[in-house]
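S.K.: build me a model from this:
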Amino acid sequence: MITAKRVDIRYATALFQTAKEQGLDGIVYNDMVELRVLAVNNCDFRNFLKNPVIKSSQKAHIFHKLFDGVFHKLTLDFLMLILKKLRLNNIQGITTAYVQLYRKEHHLKTVTIFTEKELLDIQKQNLLTVLSEQMPDQTVDLRCRIRSEIIGGFVLRYGDFLYDGSVATQLKNMRQKFESNLHKSQL
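M.R.: Got it, this is the predicted structure:
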């Protein structure tokens with residue numbers, strides 16, 4: 001029996017190769033990102049996909065109503081294929097696998113920076129310049145996120161690497177050092 005992950009990869013690979021042959025891999029990538037966000041974040045959409053009471057013909061009609069003019073025809077045709085093959089439960093895995101294939105092919109690396117408030121455009125550009133120098137063979141996809149608990153400074157995440165230069169963490173570390181040194185014996 002084929003595992004779900006292998007099925008996801010096979011469908012994603014087939015879509016990626018088809019899109020690449022037609023010069024549409026970037027357009028389909030954007031569609032897959034949007035579809036993945038919808039499948040991950042929208043409980044109603046997930047329930048719709050899993051609902052056995054709704055017939056496939058009704059789901060196809062709803063897909064066309066929702067995505068016609070939003071997604072490329074290739075993406076819509078692919079949705080109809082996975083609907084026909086009863087693979088709608090794999091949609092999250094398939095979209096994730098496609099995104100990974102695209103990112104690997106195009107050497108696209110996501111770097112996320114968490115700050116207390118929105119970065120200025122010049123700060124983003126300077127950060128992109130530094131990151132591009134550090135990763136010359138990669139295209140950097142910079143994502144900025146706001147987290148009020150950071151207080152100041154920033155947290156940078158890239159793959160398995162995490163740099164925490166936030167004021168909140170520095171204060172926490174100082175507090176721990178102070179508490180451990182406060183009660184040392186003078187003898």
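S.K.: show me the helices in this protein, by range?
M.R.: 4-21, 25-41, 43-50, 56-67, 73-84, 91-105, 121-134, 167-182 (DSSP state H).
S.K.: quick one: average confidence on the second one?
M.R.: Mean pLDDT, taken over the full extent of helix 25-41, equals 90.
S.K.: list the helices and strands it packs on?
M.R.: Here helix 25-41 touches helix 4-21, helix 43-50, helix 73-84, helix 91-105, going by 3 or more C-beta pairs under 8 Å, 6 or more residues apart in numbering; DSSP states H and E. The way it works is simple: take the backbone N, C-alpha and C, and place the C-beta from them, glycine included.
S.K.: give me that answer again for 6 Å
M.R.: helix 73-84, helix 91-105 (3 or more C-beta pairs under 6 Å, 6 or more residues apart in numbering; DSSP states H and E).
S.K.: pLDDT weak spots in this structure?
M.R.: Scanning the chain for pLDDT under 70 picks out 1-2, 4, 181-187.
S.K.: how about 50 then?
M.R.: Counting by pLDDT under 50, the chain contains low-confidence ranges at 1.
S.K.: mind putting the helices of the chain in CSV, distance to residue 150 and mean neighbour count included?
M.R.: Below are the helices of the chain laid out as CSV (distance: least, C-beta to C-beta, whole Å; neighbours: other C-beta atoms under 10 Å):
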stretch, distance to residue 150, mean neighbour count
helix 4-21, 35, 17
helix 25-41, 23, 18
helix 43-50, 29, 13
helix 56-67, 37, 13
helix 73-84, 37, 16
helix 91-105, 27, 19
helix 121-134, 15, 12
helix 167-182, 6, 11
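S.K.: would you reformat those helices as a markdown table and include distance to residue 112?
M.R.: Compiled in a markdown table, the helices of the chain are given as follows (distance: least, C-beta to C-beta, whole Å):
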| stretch | distance to residue 112 |
| --- | --- |
| helix 4-21 | 23 |
| helix 25-41 | 15 |
| helix 43-50 | 24 |
| helix 56-67 | 28 |
| helix 73-84 | 26 |
| helix 91-105 | 14 |
| helix 121-134 | 11 |
| helix 167-182 | 16 |
